[in-house]
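Engineer: curious how this folds, go ahead:
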Amino acid sequence: MGFIVYILFSERTKRYYSGQTQDLENRLNEHNRGETSSLKSGIPWTLVWSYSCASRSEAMQLEKKIKKRGAGRFLDDIGHPVSRGA
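Structural biologist: Residues are numbered from 1 along each chain as shown. Just a heads-up that it's a prediction; the model follows:
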């Protein structure tokens, strides 16, 4: 099973969050149930971007790149339209 790198956006806090998982639907539900205490203030979180990777190491490298650049800048770099509205 592959890994998915994802970027979420909170309209409430106007912040992005990036992460990686093997089960994107479950992970998004966990975030929106408040199971990640540092993200509770941003509920509801909306998925704005995801990318499937063949391995966990590939997913971790991509997640590190996104976190280093900042999710908003990363989305802008790849021409994703949501970055301009946030």
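
Engineer: contacts and neighbour counts: CA atoms only from here.
Structural biologist: Will do.

Engineer: so where do the helices sit in the protein?
Structural biologist: 24-32, 56-69, 71-77, 82-85 (DSSP state H).

Engineer: mind putting those in a markdown table, mean pLDDT, mean neighbour count and distance to residue 3 included?
Structural biologist: What follows is those, written out as a markdown table (pLDDT from 0 to 100; neighbours: other Cα atoms under 10 Å; distance: least, Cα to Cα, whole Å):
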| stretch | mean pLDDT | mean neighbour count | distance to residue 3 |
| --- | --- | --- | --- |
| helix 24-32 | 98 | 15 | 9 |
| helix 56-69 | 98 | 16 | 6 |
| helix 71-77 | 95 | 17 | 18 |
| helix 82-85 | 56 | 12 | 23 |
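
Engineer: want to throw those into JSON lines with distance to residue 5?
Structural biologist: Shown next, in JSON lines, are the helices of the chain (distance: least, Cα to Cα, whole Å):
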{"stretch": "helix 24-32", "distance to residue 5": "9"}
{"stretch": "helix 56-69", "distance to residue 5": "6"}
{"stretch": "helix 71-77", "distance to residue 5": "11"}
{"stretch": "helix 82-85", "distance to residue 5": "17"}
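
Engineer: out of the ones you listed, the one nearest residue 15 is which?
Structural biologist: Proximity to residue 15 (Cα to Cα) singles out helix 71-77 among the helices of the chain, at 8.6 Å.

Engineer: so what does that closest one touch, helix or strand wise?
Structural biologist: strand 15-21, helix 82-85 (3 or more Cα pairs under 8 Å, 6 or more residues apart in numbering; DSSP states H and E).
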